[in-house]
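S.K.: heads up, no residue letters with this:
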């Protein structure tokens, strides 16, 4: 590849840049993405961390990326989440 430089007003310090690099690295290294149906708990928000029960990985932690909540006499929903390393 080649190195490119650009200005980004949201990254105002070396520490901000380092935090962004670590976050992006973790995001792409995790790889596993999950789509789950759930009871529609309105307390859940995007970017929350939660444990997912797995028979293969002990204490599997996920970060919620999308939450869809529906109401049709009862609350239900769908979560899209990514594994947290």
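M.R.: Sure, I can see it. Remember, predicted model here, so these are calculated numbers, not experimental data.

S.K.: Secondary structure of residue 56: a strand, I assume?
M.R.: No - counting by DSSP: H, G, I helix; E, B strand; the rest coil, residue 56 is not found in a strand; it is coil.

S.K.: Now do the same for it: its pLDDT.
M.R.: Looking at residue 56, its pLDDT reads 88.

S.K.: for residue 72, same thing?
M.R.: Value for residue 72, per-residue pLDDT: 90.

S.K.: those helices in the protein, which residues are they?
M.R.: Shown for the chain, the helices assigned by DSSP state H span residues 14-30.

S.K.: Any idea which helix or strand in it has the lowest mean pLDDT?
M.R.: helix 14-30 (a mean of 85; mean pLDDT, DSSP states H and E).

S.K.: can you list contacts of that one?
M.R.: Here helix 14-30 makes contact (C-beta atoms under 8 Å, 6 or more residues apart in numbering) with 10, 11, 82, 83, 84, 85. No exception for glycine: its C-beta is placed from N, CA and C like everyone else's.

S.K.: which residues does the second one contact?
M.R.: Residues near residue 11 by C-beta under 8 Å, 6+ apart: 17, 20.

S.K.: Okay, it and residue 23: tell me how far apart.
M.R.: Going from residue 11 to residue 23 by C-beta to C-beta, to the nearest Å gives 12 Å.

S.K.: So for this protein, the centremost residue is which one?
M.R.: residue 63 (3.5 Å; C-alpha atoms, centre = their mean).

S.K.: Report the spatially nearest residue to it, omitting neighbours in sequence.
M.R.: Closest residue to residue 63 apart from its sequence neighbours, by C-beta to C-beta, 6 or more residues apart in numbering: residue 84 at 5.0 Å.

S.K.: list the helices and strands the longest strand along the chain packs on?
M.R.: Counting by DSSP state E, the longest strand found in the chain is strand 60-71. Applying 3 or more C-beta pairs under 8 Å, 6 or more residues apart in numbering; DSSP states H and E, one finds that strand 60-71 contacts strand 49-52, strand 75-83.

S.K.: of all those, which lies closest to residue 69?
M.R.: Proximity to residue 69, assessed across those by C-beta to C-beta, is greatest for strand 75-83 (4.3 Å).
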